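>>> Pasted the sequence and its predicted model underneath.
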Amino acid sequence: MKSTYVKERAPIDANNPILIEGLPGLGLVGKIAIRYLVKQFKAKKFAYLYSPHFPYFVLVNKKGNVRLLRGAFYYVKNAAGPHDIILFTGDSQSQTIEGQYDIAEKMLSFAKKHNVGTIVTIGGYRMETEGKPKVVVAGTDQQILDKAMSAGAVVSETGSPIVGTAGLILGLARFKKIDALCMLGETRGYLPDPLSARSVIEVIKNMFNLDIDLAGIDQEINKADRMVVRLQKIEETVATQAEETRKEEDKKTTYIS
């Protein structure tokens with residue numbers, strides 16, 4: 001494999017679709033959000049994206065079979081609204097600068113082929129936050145930003161860089177004449193953050209008037225909270241044991257004058 005390419009498994013006939021992208025990144029916000037939307041909509045996988053810019057290893061399943069790292073496109077027929085939906089996520093982001101541009105370009109070309117008019121990218125925004133995380137947005141024009149703000153988002157600060165595929169797609173979308181918006185959920189970033197993903201999904205739900213049940217992701221949030229509590233207890237136990245060991249070592253220490 002010498003270049004990034006998309007392999008379509010089945011044809012689709014999409015009606016004015018919106019593409020929503022979320023790859024692994026800070027807090028896995030994008031990947032968690034897309035994974036949840038795929039489950040909610042019972043989306044059908046219809047294409048894979050392969051690239052030599054992904055990390056150089058394969059994944060092994062329960063049966064021992066292997067596959068390359070890849071991205072996957074899913075299709076949702078939205079009979080209740082004016083836009084069908086295409087979802088995209090994957091195992092990894094590119095490990096090179098050139099690869100980031102190459103993958104973003106291939107995704108945009110694929111979106112153009114299927115008459116996508118709007119792309120939404122999802123990522124994490126590093127922030128020590130309490131309570132409900134905010135969703136920070138940046139876009140290619142004021143109209144799409146206004147729509148996002150009406151749905152509950154806040155505009156990104158001036159000069160804030162958006163790193164990776166989520167940002168590059170916005171920069172390159174103009175050349176394809178596609179509207180693009182990036183949604184960044186506030187997150188500490190060091191653990192999977194379904195609470196941040198929920199904030200993003202809620203904005204998407206309001207912005208595009210989609211029927212999305214959030215009860216499932218609330219369950220994921222509760223599981224994540226319990227995991228954080230367990231990790232904190234482990235850290236406290238380790239710290240206590242380390243302190244006790246230090247005290248014992250101090251008792252054994254003798255000084256010769």
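The structure has been received and is ready for your questions.

>>> give me every residue that touches residue 145.
Applying C-beta atoms under 8 Å, 6 or more residues apart in numbering to residue 145 gives the contacts 137, 138, 139, 155, 181. The way it works is simple: take the backbone N, C-alpha and C, and place the C-beta from them, glycine included.

>>> Over to residue 50?
Neighbours of residue 50 in contact, by C-beta under 8 Å, 6+ apart: 1, 4, 5, 6, 7, 68, 70.

>>> who wins for neighbours among these?
Counting neighbours by other C-beta atoms under 10 Å, residue 4 leads the contacts of residue 50 with 21 neighbours.

>>> And the longest helix along the chain, what does it pack against?
The longest helix of the chain (DSSP state H) is helix 215-252. Contacts defined by 3 or more C-beta pairs under 8 Å, 6 or more residues apart in numbering; DSSP states H and E place helix 215-252 against helix 29-41, helix 194-208.

>>> what about 6 Å?
helix 194-208 (3 or more C-beta pairs under 6 Å, 6 or more residues apart in numbering; DSSP states H and E).

>>> tell me the angle the helix it packs on makes with helix 215-252.
Orientation of helix 194-208 against helix 215-252 (axes from the mean of the first three to the mean of the last three C-alpha atoms, to 10 degrees) gives an angle of 160 degrees.

>>> Export only the CA atoms of helix 194-208, formatted as PDB.
The C-alpha coordinates for helix 194-208 follow below in PDB (Å, rounded to 0.1, in the frame of the first residue of the first chain):
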ATOM      1  CA  PRO A 194     -18.100  10.100  27.800                       C
ATOM      2  CA  LEU A 195     -19.300  13.100  29.700                       C
ATOM      3  CA  SER A 196     -17.600  15.400  27.200                       C
ATOM      4  CA  ALA A 197     -18.800  13.300  24.300                       C
ATOM      5  CA  ARG A 198     -22.400  13.600  25.700                       C
ATOM      6  CA  SER A 199     -22.100  17.400  25.500                       C
ATOM      7  CA  VAL A 200     -21.000  17.200  21.900                       C
ATOM      8  CA  ILE A 201     -23.800  14.800  21.000                       C
ATOM      9  CA  GLU A 202     -26.300  17.100  22.700                       C
ATOM     10  CA  VAL A 203     -25.200  20.000  20.500                       C
ATOM     11  CA  ILE A 204     -25.400  17.800  17.400                       C
ATOM     12  CA  LYS A 205     -28.800  16.700  18.400                       C
ATOM     13  CA  ASN A 206     -30.100  20.200  18.800                       C
ATOM     14  CA  MET A 207     -28.300  21.600  15.800                       C
ATOM     15  CA  PHE A 208     -29.600  19.100  13.300                       C
END
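
>>> returning to that earlier point: from the contacts of residue 50, which land in strands?
5, 6, 7, 68 (DSSP state E).

>>> Determine which two of those residues are furthest apart.
Across these, no pair lies farther apart than 6 and 68, at 13.6 Å, counting by C-beta to C-beta.

>>> How many residues are close by the nearest residue to residue 41 once chain neighbours are set aside?
Leaving out its chain neighbours, the residue that sits closest to residue 41 by C-beta to C-beta, 6 or more residues apart in numbering is residue 76, at 4.4 Å. Counted with other C-beta under 10 Å, the neighbours of residue 76 add up to 23.

>>> again, but for residue 110
19.

>>> ok, now residue 248?
Other residues lying near residue 248 total 9 when counted by other C-beta under 10 Å.

>>> So which residues of the stretch 1-150 of the chain form strands?
In the stretch 1-150 of the chain, the strands defined using DSSP state E, counting those that start in this stretch lie at 5-8, 18-22, 44-50, 58-60, 66-68, 71-76, 85-90, 118-126, 135-139.
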